[in-house]
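> Provide a 3D model corresponding to the input given below.
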Amino acid sequence: MLRPLVSSDFLAFSEVRTRNGRWLTDWEPLRPLASADPAQSQEAFERRCVLRERERATGNSYSFGVFVDSLFCGEVNVNGVSRGSMQSATIGYWIDRAKAGCSYTPEAVAVVTRFAFDQLKLHRLEICIIPRNSNSLRVVHKLGWRYEGRAERFLEINGVWEDHDRFGFTAEEWETRAEELSRAWL
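Residues are numbered from 1 along each chain as shown. Coordinates of the predicted model:
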């Protein structure tokens, strides 16, 4: 199940993020020194939930907790929604190491892909992955996203400007493959 996180999810979020700290650190931006860690502070987590809801209300970003058997185990996000002539966004995701390899992430990405094209009416989605992140690469390969090339020093991750492989998927590809992907993943 996918749904926005709410303040009552703090303990589950905190437990999963704390237990997976090292597993996730290599793939995420550094947190600003002045900001409290939402995994360690309920107040910071609640601020994060309010911010995510504000982003959803303005149509800029859509963040979903991933729940398996009603237990929180990760997140999938539609970020940086651009309207106008672009109609695009970027998908990001992470999963509890204990749930990795169970195909929950490709399923969650398939759900938000359908959401982005069918409900948000976007035209293009992108997923950007550090080339050595074999787990994340498996997600786009399982779903058959199109490789578009490598962006050098694309994002600052864990304090280092990292190259990212870029994968794209358009509304036309969704229209052609929606039944196949829905049957396989939804």
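
> Give me the contact list for the one helix or strand residue 46 maps to.
Using DSSP states H and E, residue 46 sits within helix 42-58. For helix 42-58, contacts defined as CB atoms under 8 Å, 6 or more residues apart in numbering pick out 4-7, 9-10, 13-14, 35-39, 61-63. From N, CA and C alone the C-beta is placed, and that goes for glycine too.

> quick one, helices of the chain?
Using DSSP state H, the helices assigned to the chain run over residues 10-19, 21-25, 42-58, 104-114, 134-143, 171-185.

> Max pairwise distance over the contacts of helix 42-58: which two?
The distance between the two most remote of the contacts of helix 42-58 (CB to CB) is 23.8 Å, for 36 and 62.

> sorry, back to before: any idea of the mean pLDDT in the helix holding residue 46?
Helix 42-58 comes out with an average pLDDT of 97.

> Compare residue 36 and residue 62 (neighbour count), which wins?
residue 62 (22 against 15; other CB atoms under 10 Å).

> Okay, the closest residue to that one other than its chain neighbours and residue 116: tell me how far apart.
In space, and not counting its chain neighbours, residue 62 is closest to residue 78: 4.3 Å by CB to CB, 6 or more residues apart in numbering. For residue 78, the distance to residue 116 (CB to CB, to the nearest Å) stands at 5 Å.

> where do the contact lists of these two overlap?
Common neighbours of residue 78 and residue 116, using CB under 8 Å, 6+ apart, are 89, 91, 125.

> how many other residues sit next to the second one?
Other residues within reach of residue 91, judged by other CB under 10 Å, total 24.

> before we move on, back to that, now the helices of the chain in TSV, with mean neighbour count and distance to residue 71?
Shown next, in TSV, are the helices of the chain (neighbours: other CB atoms under 10 Å; distance: least, CB to CB, whole Å):
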stretch	mean neighbour count	distance to residue 71
helix 10-19	17	7
helix 21-25	12	17
helix 42-58	15	17
helix 104-114	21	11
helix 134-143	18	20
helix 171-185	14	20
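
> Good, wrapping up.
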